[in-house]
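Asks: I would like the atomic coordinates for the input below:
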Amino acid sequence: MKTVLITGANKGIGFETARQLSQLNYYVYLGSRDQEKGLEAFRQLKELGLNNIETIVIDVADIKSVREARAELEVKIGSLDILINNAGIAGDQPQNLAAVSIENLRRIFDTNFFGAVQTTQEFLPLLKKSGQGAIINVSSETGSLVVHTAADRNSNRAKYHAYGSSKTALNAFTVMLANELYDTGISVNSVTPGYTATDLNQFQGAKTAEQGALPIVKLATQSQPRVTAKFFKDVGEAGW
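Replies: As a prediction, this is how the structure comes out:
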């Protein structure tokens with residue numbers, strides 16, 4: 001049974017990803033920065049008859065918490081097959097980059113970018129022991145430079161400029177890390193759930209959380225060592 005750690009898995013897309021992978025017979029570690037919220041998510045999944053799940057406290061923006069989570073997992077498993085860097089925050093509005101506060105921008109990057117980087121670094125030794133480990137970074141079209149340089153630059157989602165820039169940085173991390181790890185058997189890819197209704201956007205998205213989780217689950221279940229440094233969406237590849 002393959003093992004999966006999902007950060008930010010107590011709600012929204014992370015929770016749905018955990019549910020779907022658990023139903024596909026993956027052993028899922030539900031990462032949550034709040035222990036009680038993680039336990040509540042665990043109880044909900046147990047009520048669905050899913051037993052191949054555990055909770056783990058991890059605040060990706062806190063390196064001490066990340067290291068404690070890694071140490072806890074090392075005791076339980078010899079290797080980790082898949083790391084899904086899903087935890088993220090939208091930040092406060094407005095986010096026009098000409099005036100956004102540095103405090104707001106830094107807080108967004110601390111979770112969405114630096115949090116993913118330090119979580120990946122800490123769990124990389126366990127992923128290397130898998131033989132064919134996979135790192136999946138949950139990104140967004142708002143981080144796509146292709147989208148932002150397209151003819152229509154004034155979509156409703158364009159207001160998330162600070163959030164989007166953190167996802168652009170995450171995509172760059174995906175490509176560069178994939179190149180570094182190319183000969184290790186570990187794949188590194190980004191994936192966008194699409195515009196999904198979660199508390200991240202005040203439930204304004206067009207997709208349900210269940211639908212948003214589908215491309216993540218698809219990538220997780222079809223990961224291959226040589227399919228790496230790519231950006232996926234629900235149908236095919238997304239533009240960087």
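Asks: contacting residues for the closest residue to Asn112 other than its chain neighbours?
Replies: Residue nearest to Asn112 in three dimensions, not counting chain neighbours: Ser166, with 3.8 Å by CB to CB, 6 or more residues apart in numbering. For every residue, glycine as well, the C-beta is placed using N, CA and C. Contacts for Ser166 (CB atoms under 8 Å, 6 or more residues apart in numbering) come out as Gly88, Ile108, Phe109, Asn112, Phe113, Gly143.
Asks: just send those back as CSV, with secondary structure too.
Replies: Output for the contacts of Ser166, formatted as CSV (DSSP: H, G, I helix; E, B strand; the rest coil):
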residue, secondary structure
Gly88, coil
Ile108, helix
Phe109, helix
Asn112, helix
Phe113, helix
Gly143, helix
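Asks: and the gap between the residue nearest the centre of the chain and Leu124?
Replies: Most central in the chain under CA atoms, centre = their mean is Asn86, positioned 2.0 Å from the mean C-alpha point. The gap separating Asn86 from Leu124 is 17 Å, by CB to CB, to the nearest Å.
Asks: and for Ala71?
Replies: According to CB to CB, Ala71 stands 14 Å off from Leu124.
Asks: the two: who's more crowded?
Replies: For Ala71 versus Leu124, the count of surrounding residues by other CB atoms under 10 Å is larger for Leu124: 19 against 10.
Asks: the more buried one: which element?
Replies: helix 115-128 (DSSP states H and E).
Asks: dump that helix to CSV, restricted to CA.
Replies: In CSV, the C-alpha atoms belonging to helix 115-128 read as follows (Å, rounded to 0.1, in the frame of the first residue of the first chain):
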residue,chain,number,x,y,z
GLY,A,115,6.2,26.3,3.4
ALA,A,116,6.2,23.9,0.4
VAL,A,117,10.0,24.2,0.0
GLN,A,118,10.9,23.5,3.6
THR,A,119,8.3,20.6,3.8
THR,A,120,9.8,19.1,0.7
GLN,A,121,13.3,19.4,2.0
GLU,A,122,12.5,17.8,5.3
PHE,A,123,10.6,14.8,3.7
LEU,A,124,13.0,14.3,0.8
PRO,A,125,15.0,11.6,2.5
LEU,A,126,11.9,9.5,3.1
LEU,A,127,10.8,10.1,-0.5
LYS,A,128,14.2,8.9,-1.8
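Asks: chain center to that helix, what's the gap?
Replies: 13 Å (CA atoms, centre = their mean, to the nearest Å).
Asks: equivalent analysis for stretch 220-227, please.
Replies: That offset, for stretch 220-227, works out to 16 Å (CA atoms, centre = their mean).
Asks: sweet, I'm off.
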